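Q: Sequence first, then the predicted structure, then my questions.
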Amino acid sequence: MSTLVQRRLTARDVNELIADAPTDVAMVSEDHRASLASRFRAVPADEHRRLDAWMVEQAGRPPGPFAWSPTTARRILGNNALRRVLATPDTILNAVRDEVADQLLRAVKGYARPGSLGHWLAGVAHPVLGLITAEAVNWATQGLDVAEGVEATWRVASSDAYYDVAGGRTTLRGRRDLVVDTDDGSLVIRIRSGQPGKSAGPGLRSDLVVATLAHPDGLAPRRYLGLWPDAGLILGVDGTMENVRAGARDFVRTAVAQRRHTLARAA
Amino acid sequence: MEPVPELLSEVLRGDRTRRPRRDLDAAAGLRAVLEDHVFALFGGGRHESPVAVSSATLRSGGQILELSDSALSRARGVLISTVFRLLVAQVHVDDPFDAALSAWRGERPHDSLLDVLSHLDADQCARLRADVSSHFNTLVRGLGPIPSSWRPRTSQRVRQLLGGGTVTLSDVIDLTVGSTHHEFANIALVDVTTSPLGAGAERVMRYHALMQTLRTSVVPLRTSIFSSATGELWTLDVDRELLMRSMDDVVTILARLGESS
């Protein structure tokens, strides 16, 4: 049975959840990967599927068209700024400004493709850039506040985890913001806005399965922690085989639900 | 409590040698007492729609409608709140109305309040522009520099569920500075309002402190409110008594909302 742990978001609770995380974690084999791929291949797809925890939480309902906004841009800019602050100590505001400047420079040099963050930033008005900066500062400050309370070694994740399902025309994406490294393995922290809903557990398990599949040796993180600072809550799932299996099943179900929605729309 | 003719930034800093040790224990007790009250008022069953309390509810003392609720007043509030965020992010603002409107459109292009603004006639628009400029000037004079090293966060959202979702407490704190990891209380909260300060303002200050305590489980150092209408600034140091008073405010509002529903 897969379990979900819940605590208040305090430094003490975060550290306890890190210290108490199981050390005996799941490891996915080539057979597991092949089995997952065969299940995805069984779900027809007209175009390449991209699935993530949010889609699992939405039960495969098709998302609306994506649009950049200060809210959607804050995580990328905020996490990049946090990495800058760790590499070269500076204020978070300066780090966010440097990050925005880098994105704009990329756009000016023609490296930013249409639809990318840099391309969008290059086209927004000056006050909107200010608001984007404010949102990114909020995100980075929140991340640093969480991370500073962690006693173990931590780092800002260099990117989200991705896994291409062989022959399944599917890419799975697992979001991650901080990675905590311990002697017994790593833990992943994901920071989210608002409050956890009823499907927060399946969402975390989805992130867990992608992190496991994306690991070179197929090793699951000891624990995947979802932090909701607005609500002051932490939810966590352990890196057990039960949770990894449940996460994989949720992804396949989401692909099936998505297919049904597509067919219903076409009918 | 009397108006303090100082810069907001100086008031937030205060006397560093007189800061109390951070209180990590109050939050659990407050949460438990609030849960008890919610159970006493609403019982253990699930309700169809949650009873929602926000800082706006506290400001109006649970009244459903008041003058400042007019669409134009709310639009002015959003514009000032937006331009305040730009000031804290150290963005140069030439024309506060245009800058705030542009940023607002960039953030929430489908906000129905924006439709209200687009349907104003020239006179109404000019009045609103002048109004926003006046509030902005008062804000700039009273704010003072907020150093980046204080880690300022603007429009920080807080959301707490009580009674298994029967009651939703939500809040947006205009400015939060400081860190929860210091040995001494370090967090300061600021609300910026376009209304003159009154009894409702005190409740809002206390509510921000309560919500921040429930969110982080750390009691903040002080809570302030600044009126961009009058330039008044009120500040209260946060202690357990203030938090208990805020809890009483919330329980009173819940009782009133419970009766009306």
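A: Cool, the structure landed.
Q: Going by C-alpha atoms from here, please, whenever you check contacts or count neighbours.
A: Will do.
Q: can you tell me which residues contact A:Val252?
A: A:39-40 (C-alpha atoms under 8 Å, 6 or more residues apart in numbering or on different chains).
Q: Could you do the one 5 residues further on as well?
A: Applying C-alpha under 8 Å, 6+ apart, we find A:Ala257 in contact with A:59-61.
Q: Kindly recompute the last result at 7 Å.
A: The contact partners of A:Ala257, by C-alpha atoms under 7 Å, 6 or more residues apart in numbering or on different chains, come to A:59-60.
Q: any idea how far it is from chain B?
A: 28 Å (C-alpha to the nearest C-alpha, to the nearest Å).
Q: Are we agreed that that residue is in a helix?
A: Yes - counting by DSSP: H, G, I helix; E, B strand; the rest coil, A:Ala257 is found in a helix.
Q: what's the spacing between A:Arg169 and A:Leu51?
A: Separation of A:Arg169 from A:Leu51 (C-alpha to C-alpha, to the nearest Å) stands at 11 Å.
Q: More neighbours: which of these two?
A: A:Leu51 (21 against 18; other C-alpha atoms under 10 Å in any protein chain shown).
Q: My read is that that one contacts A:Arg173, right?
A: Yes - using C-alpha atoms under 7 Å, A:Leu51 is in contact with A:Arg173, at 6.2 Å.
Q: which parts of chain A sit against chain B?
A: Residues of chain A found near chain B (C-alpha under 7 Å from any C-alpha of the partner chain) are A:9-10, A:69-70, A:91, A:93, A:127-128, A:130-131, A:133-134, A:137-138, A:141, A:145, A:149, A:195, A:230-232.
Q: now the helices for the stretch 151-267 of chain A?
A: For the stretch 151-267 of chain A, the helices defined by DSSP state H, counting those that start in this stretch occupy A:200-214, A:241-266.
Q: most packed of the ones you listed?
A: Ranked by mean neighbour count under mean count of other C-alpha atoms under 10 Å in any protein chain shown, those are led by helix A:200-214, which reaches a mean of 27.
Q: Touching that one from outside, list them.
A: Here helix A:200-214 has contacts from A:4, A:53-54, A:56-57, A:161-163, A:172-175, A:218-221, A:224, A:226, A:237, A:243-244, A:246-248, A:251, using C-alpha under 7 Å, 6+ apart.
Q: Return a PyMOL selection command for the buried portion of those residues.
A: Only the buried entries of the contacts of helix A:200-214 go into this PyMOL selection, using 16 or more other C-alpha atoms under 10 Å in any protein chain shown:
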select buried, chain A and resi 53+54+56+57+161+162+163+172+173+174+175+218+219+220+221+224+226+237+243+244+246+247+248+251
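Q: Would you mind confirming that B:Val204 makes contact with B:Gly61?
A: No - with contact defined as C-alpha under 7 Å, B:Val204 does not reach B:Gly61; the gap is 9.8 Å.
Q: Compare these two (neighbour count), which wins?
A: Higher neighbour count among B:Val204 and B:Gly61: B:Val204, with 27 against 18, using other C-alpha under 10 Å.
Q: Which strand or helix spans that one?
A: helix B:199-216 (DSSP states H and E).
Q: what ranges do the strands span in chain A?
A: Using DSSP state E, the strands of chain A run over A:5-8, A:49-52, A:153-156, A:161-165, A:170-174, A:178-182, A:185-191, A:223-228, A:233-238.
Q: Okay, the nearest residue to A:Arg49 once chain neighbours are set aside and A:Asp46: tell me how far apart.
A: Ranked by C-alpha to C-alpha, 6 or more residues apart in numbering or on different chains and with sequence neighbours excluded, the top spatial neighbour of A:Arg49 is A:Thr170, at 4.5 Å. Going from A:Thr170 to A:Asp46 by C-alpha to C-alpha gives 11 Å.
Q: Neighbour count: these two, which is higher?
A: Neighbour totals were compared for A:Thr170 and A:Asp46, and A:Thr170 leads with 20 against 8 (other C-alpha under 10 Å).
Q: quick one, what contacts the more buried one?
A: A:48-50, A:164.
Q: show me what contacts the most centrally placed residue in chain A?
A: Geometric centre of chain A, nearest residue: A:Arg175, 1.0 Å, by C-alpha atoms, centre = their mean. By C-alpha under 7 Å, 6+ apart, the residues touching A:Arg175 are A:160-161, A:190, A:207.
Q: of these, closest to A:Arg97?
A: The shortest approach to A:Arg97 among those belongs to A:Asp160, at 22.4 Å (C-alpha to C-alpha).
Q: What count of nearby residues applies to that closest one?
A: So A:Asp160, with other C-alpha under 10 Å, has 14 neighbours.
Q: per-residue confidence for it?
A: We have a pLDDT of 96 for A:Asp160.
Q: where are the low-confidence patches of the stretch 1-150 of chain B?
A: For the stretch 1-150 of chain B, the stretches with pLDDT under 70 are B:1-5, B:45-46, B:62-69.
Q: For chain A, what is the nearest residue in it?
A: Closest residue of the stretch 1-150 of chain B to chain A, C-alpha to the nearest C-alpha: B:Ala103 (4.3 Å).
Q: my guess is that residue meets A:Ile132, correct?
A: No - applying C-alpha under 7 Å, one finds B:Ala103 not in contact with A:Ile132, separated by 8.9 Å.
Q: Settle it for me: which of those two has more neighbours?
A: Shown here are B:Ala103 and A:Ile132; by other C-alpha under 10 Å, A:Ile132 has more neighbours (30 against 27).
Q: Kindly report the domain assignment for chain A.
A: Per the record, chain A has its domains at A:5-60+A:150-266, A:70-144, by automatic domain parsing.
Q: Let me know how buried residue 12 is, in neighbour terms.
A: The chain I'm using is chain A. Neighbour tally, A:Arg12, other C-alpha under 10 Å: 13.
Q: Chain B is the one I meant
A: Neighbour number of B:Leu12 under other C-alpha under 10 Å is 21.
Q: Then A:Ala26?
A: A:Ala26: 21 neighbours (other C-alpha under 10 Å).
Q: Verify the stated contact: A:Gly118 with A:Gly110.
A: No - between A:Gly118 and A:Gly110 there is no contact under C-alpha under 7 Å: 9.8 Å.
Q: So if I had to pick from the two, which one is more boxed in?
A: Higher neighbour count among A:Gly118 and A:Gly110: A:Gly118, with 22 against 12, using other C-alpha under 10 Å.
Q: For chain B, see how far away the more buried one is.
A: 16 Å.
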